[in-house]
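Undergrad: Quick one, what's the 3D model for this:
(one chain, ligands or ions: 2)
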Amino acid sequence: MELEDKDLLRKQAALFPLPKGVKFSYGTAGFRTDAALLPSTVFRMGVLAALRSLCTKRATGLMITASHNPVHENGVKLADPSGGMLNVAWEPYSDMLANAPDVENFLQIVEHIVKRENIQSANAASGEVLLARDTRPSGEALVSAARQGVEAVRGTVAHDMGVLTTPQLHWMVRSFNNGVPASESDYFHQLSDSFRMLVELWHANTGDLTHSEELIVDAANGVGASKLTRLQHLTTSLGLQVRNSGNEGEGLLNDGVGADFVQKEKVLPHGFQLPADVGKRCASIDGDADRLVYFYIPEKHEDGYSGPVCTLHLLDGDKIAAIFGLFIIGQLHILAGCKSSVSDATTAHKAVVPGYGEVKVAVVQTAYANGASTNYIKQVLGLEVATTPTGVKHLHKKAEQYDIGIYFEANGHGTILFNEIFSQWLQDASVQQKEAEHRQAAKRLVAVNEMVNQAVGDALSGILMVEVVLRYQGWSVEQWDSMYKDLPSRQLKVKVKDRAVIITTPDETRVASPSSLQEAIDTEVGKYKGGRAFVRPSGTEDVVRVYAEASSQQSADALAQAVCVLVYHLAGGVGPEP
Ligand SMILES: CC(=O)N[C@H]1[C@@H](OP(=O)(O)O)O[C@H](CO)[C@@H](O)[C@@H]1O
Ligand SMILES: [Mg+2]
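TA: Ligands and ions are numbered 1, 2, ... in the order given. Model (predicted):
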């Protein structure tokens, strides 16, 4: 690095001293903590985003959000030039920079990165970083810290894209680097145009539009609310009612609302009532609108269990993956000339499409996927299921290995990826195929590729896709729910002194250390019919997560509770015994 570059960095970095006694970790999805502790981290991530841009000679992204965490927290995530998450090989740099104790140490790490990645210093503006934030009050000051970080690296400029959802920023980075229109308004038009196209193409299908009721969306009092409203203005045939918009009197961001709350607690979010909302099709998105789950309040409870679980029926990321898989395989069958229709998935098998060959399709899940979804996707849809560790960066990478990769975490974060060669083939097929039916199936898949965010999981495009498939199927939310019945499950958290003492196997289903903990879990699981349980340290919260499945809800609850007690005793629990 040249002397003047160093001087500029040194001067700017001195404005953002590291808070005392805090250790930062990039974790599953970027840094998250109390907003007051973050200016130095965000400044330093601005520097890293700039270096990554100079290194790749393409734009990168920096998002200020703490997703589903409470409103006083904030965080920072970086987007790679592809629009995906920061390249994992660069994650160690982010940890090193964020924890550098003083300015000189920070400069040394920057120099190390510059040297190792062979980054040439630039005079003209050759690096670009797109910045955005969610609606948190601390966001504006943190974007300013990020901008100062970006611009402390000579040769890079920051573009403040304003208040956006996380997936919008990722989409913009990807589009910008692909040289296609990349503004927020382009995003909305791309989504709404492809939705309209899919609705038009539905008329050619055998499905019947039996539900015309509007969808009610819990927007977590977050950034997704205003974006959904905007989307709805452009997409008139999408009946939508947005609740928990963050308007006065509607409550705080993520407080008893949003996809994370609904999926983990399985209770109704604020703003939804009995009996007024019984039977309605509802959805929840999270604080930065990258997660989506659906739910409804059933007319009556069939299982007689009076725990909190009965309050709503949840259609989580697994069920979204299942309905997406059903649609995709249905269209591929049309292209392959199979007789089975979209609504007859029982005959599903590998799709061999004339002119292309076998289309490789898979659903990618994590250990948190409900066992019943995995069985359904494999056995009924006939699709391959691949498994990765927690965190969309892992799922996304795996999904890229297929012609069509559908990935979802149970919590509702996921999307459908199309590989470039296959998507080009589909575009050609949509005009060149001899049969009108085949051209239409190809057109539908082209529209899905356009509509569903190719950079990251996106609750807005996810809603459009679910609504399209429900129309094609002529299904109500209850009919969708009945694709398969979830195995009863329970997810809990345990506080321990240092969650890093728990080391899991790469697939996260077993504890490698301390080994006494895995032995104790095995013994406990053995007591329950159809039992399954695993624990892992969270990458976003200071807790150990416990997951359990069993043949009844009472058993799943009891198994999860028993495993919590084991973690508490064998991995250094703090506070009262769970
Ligand atoms: C069990 C669970 O839901 N874990 C979530 C959560 O990660 P943890 O590492 O479990 O805290 O937040 C991640 C980021 O949003 C998300 O990708 C992941 O699925
Ligand atoms: Mg989120």
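
Undergrad: Quick one: the helices in the stretch 451-578 of the chain, in order.
TA: If DSSP state H, counting those that start in this stretch is used as the criterion, the helices of the stretch 451-578 of the chain fall at 459-473, 477-481, 515-525, 553-570.

Undergrad: and among these, the most buried is which?
TA: Among the helices of the stretch 451-578 of the chain, judged by mean count of other Cβ atoms under 10 Å, the one packed with the most neighbours on average is helix 459-473 (a mean of 25). Just so you know, the C-beta spots here come from the backbone N, C-alpha and C atoms, and that holds for glycine as well.

Undergrad: Would you mind checking the average pLDDT for that one?
TA: Mean pLDDT, helix 459-473: 96.

Undergrad: again with stretch 279-289
TA: What stretch 279-289 shows for mean pLDDT is 97.

Undergrad: If you count neighbours, what's buried in that stretch?
TA: Within stretch 279-289, the residues that count as buried by 16 or more other Cβ atoms under 10 Å are 280-289.

Undergrad: Got phi/psi on residue 98?
TA: Dihedral angles of residue 98 (phi, psi; degrees, to the nearest 10) stand at phi -60, psi -30.

Undergrad: er, residue 370 I mean
TA: Main-chain dihedrals, residue 370, degrees, to the nearest 10: phi -60, psi 130.

Undergrad: That one contacts residue 491, correct?
TA: No - judged on Cβ atoms under 8 Å, residue 370 makes no contact with residue 491 at a distance of 11.0 Å.

Undergrad: Compare these two (neighbour count), which wins?
TA: Between residue 370 and residue 491, counted using other Cβ atoms under 10 Å, the more crowded position is residue 370 (22 against 17).

Undergrad: follow-up on the earlier one: now the helices of the stretch 451-578 of the chain as TSV including distance to residue 252?
TA: As requested, those are exported to TSV (distance: least, Cβ to Cβ, whole Å):
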stretch	distance to residue 252
helix 459-473	19
helix 477-481	28
helix 515-525	36
helix 553-570	28
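
Undergrad: Residue 148 is nearest to which of the ones you listed?
TA: Nearest of the helices of the stretch 451-578 of the chain to residue 148, taken as Cβ to Cβ: helix 459-473 at 30.7 Å.

Undergrad: and residue 175, what element?
TA: helix 166-178 (DSSP states H and E).

Undergrad: what sits up against the following helix or strand past that helix?
TA: Moving toward the C-terminus from helix 166-178, the next helix or strand (DSSP H and E) is helix 184-202. Applying Cβ atoms under 8 Å, 6 or more residues apart in numbering, the set of residues contacting helix 184-202 from outside is 161-162, 164, 168, 171-172, 175, 180, 209, 230-231, 234-235, 237-238, 440, 443-444, 447-448, 450-451, 460-461, 464, 467-468, 471-472.

Undergrad: Also stretch 559-578?
TA: Under the contact criterion Cβ under 8 Å, 6+ apart, stretch 559-578 has outside partners 490-492, 494-499, 501-502, 514, 516-517, 520-521, 524-525, 527-528, 531, 533, 535, 544, 546-550.

Undergrad: So which of the buried residues of stretch 279-289 are in strands?
TA: Residues of these located in strands (DSSP state E): 282-285.

Undergrad: Closest one of those residues to residue 93?
TA: Taking Cβ to Cβ as the measure, residue 93 sits nearest to residue 285 out of these, at 31.4 Å.

Undergrad: Name the nearest residue to the closest one, sequence neighbours excluded.
TA: Nearest non-adjacent residue to residue 285, counting by Cβ to Cβ, 6 or more residues apart in numbering: residue 459, 3.9 Å away.

Undergrad: how close does that neighbour sit to residue 225?
TA: Per Cβ to Cβ, to the nearest Å, residue 459 is found 11 Å from residue 225.

Undergrad: For the closest residue to residue 222 other than its chain neighbours, give me its contacts.
TA: Excluding its sequence neighbours, the residue lying closest to residue 222 (Cβ to Cβ, 6+ apart) is residue 287, at 4.0 Å. Neighbouring residues of residue 287 by Cβ under 8 Å, 6+ apart: 65-69, 134, 220-223, 253-254, 258.

Undergrad: same for ligand 1: which of those residues are within range?
TA: Among the contacts of residue 287, the residues that sit close to ligand 1 (Cβ under 6 Å from any ligand atom) are residue 67.

Undergrad: Adding neighbour count, write the contacts of residue 287 out as JSON lines.
TA: Output for the contacts of residue 287, formatted as JSON lines (neighbours: other Cβ atoms under 10 Å):
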{"residue": "65", "neighbour count": "32"}
{"residue": "66", "neighbour count": "30"}
{"residue": "67", "neighbour count": "28"}
{"residue": "68", "neighbour count": "27"}
{"residue": "69", "neighbour count": "23"}
{"residue": "134", "neighbour count": "24"}
{"residue": "220", "neighbour count": "35"}
{"residue": "221", "neighbour count": "27"}
{"residue": "222", "neighbour count": "28"}
{"residue": "223", "neighbour count": "28"}
{"residue": "253", "neighbour count": "27"}
{"residue": "254", "neighbour count": "25"}
{"residue": "258", "neighbour count": "29"}
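
Undergrad: Return the closest of the contacts of residue 287 with respect to ligand 1.
TA: Ligand 1 lies nearest to residue 67 out of those, by Cβ to the nearest ligand atom, at 5.3 Å.

Undergrad: what kind of secondary structure is the closest one in?
TA: For residue 67, the assignment made with DSSP: H, G, I helix; E, B strand; the rest coil gives coil.

Undergrad: Who are the contact partners of it?
TA: With Cβ under 8 Å, 6+ apart, residue 67 has these contacts: 29, 32, 75, 166, 260, 286-288, 290-291, 540.

Undergrad: Likewise for residue 280?
TA: Counting by Cβ under 8 Å, 6+ apart, residue 280 makes contact with 213, 216, 296-297.
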